[in-house]
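Asks: sequence and predicted structure below; questions after.
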Amino acid sequence: DYLRDELLTQETIDLISSLPKVKGWLVSEVCQFQGYWYTQAILQGLLLCQKRFEAKDSDIILVTNPKSGTTWLKALVFALLNRHKFPVPSSGNHPLLVTNPHLLVPFLEGVYYESPDFDFLGLPTPRLMNTHIPYPSLPESVKSSSCKIVYCCRNPKDMFVSLWHFGKKLAPKETADYPIEKAVEAFCEGKFIGGPFWDHILEYWYASRENPDKVMFVTYEDLKKQTGVEIKRIAEFLGCGFIEEGQVEEIVKLCSFESLSNLEVNREGKLPNGIETKSFFRKGEIGGWRDTLSESLAAEIDRTIEDKFQDSGLKF
Ligand code: A3P
């Protein structure tokens, strides 16, 4: 699975030996690079991506913290961009009906780790890709080109709870006896896969305010409350041209939690790295954290949110 490390190169191993490390939640160890905490595998993917990826002006890159709506955003933007080639409603042959969104939209650092020779130039234009890479660590060409970035952020308590359950499915051995109190502590210290979550969000938030033509900021909550409105905003940002109201409605339906999570490919499929596709669909709700977090743990995350986001204008 994506936590395995047999594809590590000597170069990465040497670099990692010089980086700060902590015993991790979800994985045995995470190491810190350019301010963020990574598994060894994802770090290798990131390094190769920084070295090799050449952005084109027409590229579209979806960015998220893990468990913030990546799968959904991939589906929505894929359906939007391909609405002429694959109209919705479809006669049953829409790629999203038979393929998990993660296989339709390549995950940059994952692909660079697992298939370093993947032909990114072979992707159709505009190339649609996704990443969890923090803003400052993006490949230079992503920042300097005119490619577009759509960033989706989610309420940190829901994100934590989603990651908590995902981790239990993905790495049952590593997480079986891991106390949730320690996981919340790691989350609030920022020392877990992809953390600190607040820097990740804030850096894209400020980038979107400074450069609204380049970086668009959306939230899982807005997507949930008004999916159609957000699709139209995204379409406008990406310069997709006119899109009919009926078409928007069909995309909303096709990509809804109910629709995607009930498809056979998403109930019973597996990604090439072994992750079961159903692990990307759990509840798909706003405020679902209440089922998992005690009041005191929720308050602990709230204090971190308050502390880190107070001057940003972002509210959760
Ligand atoms: P929950 O665990 O809270 O249910 P990611 O795609 O970034 O890994 O995020 C996964 C989260 O998004 C999970 O949240 C999952 O259920 C939710 N999700 C997946 N597809 C969705 C959809 N079509 N609509 C709404 N939420 C969705």
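Replies: All right, it came through fine. Numbering: from 1, shown residues only.
Asks: write out the residues of the stretch 51-200 of the chain neighbouring the ligand.
Replies: Selection of the stretch 51-200 of the chain residues close to the ligand by C-beta under 6 Å from any ligand atom yields Thr64, Pro66, Lys67, Ser68, Gly69, Thr70, Thr71, Trp72, Asp158, Ser162, His165. From N, CA and C alone the C-beta is placed, and that goes for glycine too.
Asks: for the stretch 151-300 of the chain, which segments count as strands?
Replies: 215-219 (DSSP state E, counting those that start in this stretch).
Asks: tell me the buried residues in the helix or strand harbouring Lys143?
Replies: Using DSSP states H and E, Lys143 maps to helix 140-144. Across helix 140-144, burial judged by 16 or more other C-beta atoms under 10 Å covers Val142, Lys143.
Asks: do the same with stretch 237-247
Replies: Phe237, Leu238, Cys240, Gln247.
Asks: then stretch 163-171?
Replies: For stretch 163-171, by 16+ other C-beta under 10 Å, it's Leu163, Trp164, His165, Phe166, Gly167, Leu170, Ala171.
Asks: what's the answer for stretch 293-307, then?
Replies: Buried residues in stretch 293-307 (16+ other C-beta under 10 Å): Leu293, Leu297, Ala298, Glu300, Ile301, Thr304, Ile305.
Asks: and which of those residues is nearest to His84?
Replies: The closest of the buried residues of stretch 293-307 to His84 turns out to be Ile305 (C-beta to C-beta; 41.3 Å).
Asks: pretty sure that closest one is touching Pro156, no?
Replies: Yes: using C-beta atoms under 8 Å, Ile305 is in contact with Pro156, at 5.8 Å.
Asks: tell me where the stretch 1-150 of the chain is predicted with low confidence.
Replies: 1-4 (pLDDT under 70).
Asks: could I get the full set of strands for it?
Replies: With DSSP E, counting those that start in this stretch as the criterion, the stretch 1-150 of the chain has strands at 21-23, 29-33, 36-38, 60-64, 128-131, 148-153.
Asks: dump these into CSV; add mean neighbour count as well.
Replies: Converted to CSV, the strands of the stretch 1-150 of the chain look like this (neighbours: other C-beta atoms under 10 Å):
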stretch, mean neighbour count
strand 21-23, 13
strand 29-33, 18
strand 36-38, 26
strand 60-64, 24
strand 128-131, 24
strand 148-153, 24
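Asks: out of those, which is closest to His94?
Replies: Nearest of the strands of the stretch 1-150 of the chain (C-beta to C-beta): strand 128-131, 15.4 Å.
Asks: so what touches the closest one?
Replies: The contact list for strand 128-131 (C-beta atoms under 8 Å, 6 or more residues apart in numbering) reads 49, 59-64, 70, 73-74, 77-78, 81, 105-109, 120, 123, 138.
Asks: so among the residues you listed, which ones count as buried?
Replies: Judged by 16+ other C-beta under 10 Å, buried ones among the contacts of strand 128-131: 49, 59-64, 70, 73-74, 77-78, 81, 105-109, 120, 138.
Asks: inside helices: which ones of those?
Replies: Cys49, Thr70, Leu73, Lys74, Val77, Phe78, Leu81, Leu108, Glu109 (DSSP state H).
Asks: ok, the last one - contacts?
Replies: The contact partners of Glu109, by C-beta under 8 Å, 6+ apart, come to Ile42, Gly45, Leu46, Leu48, Cys49, Thr131, His132, Ile133.
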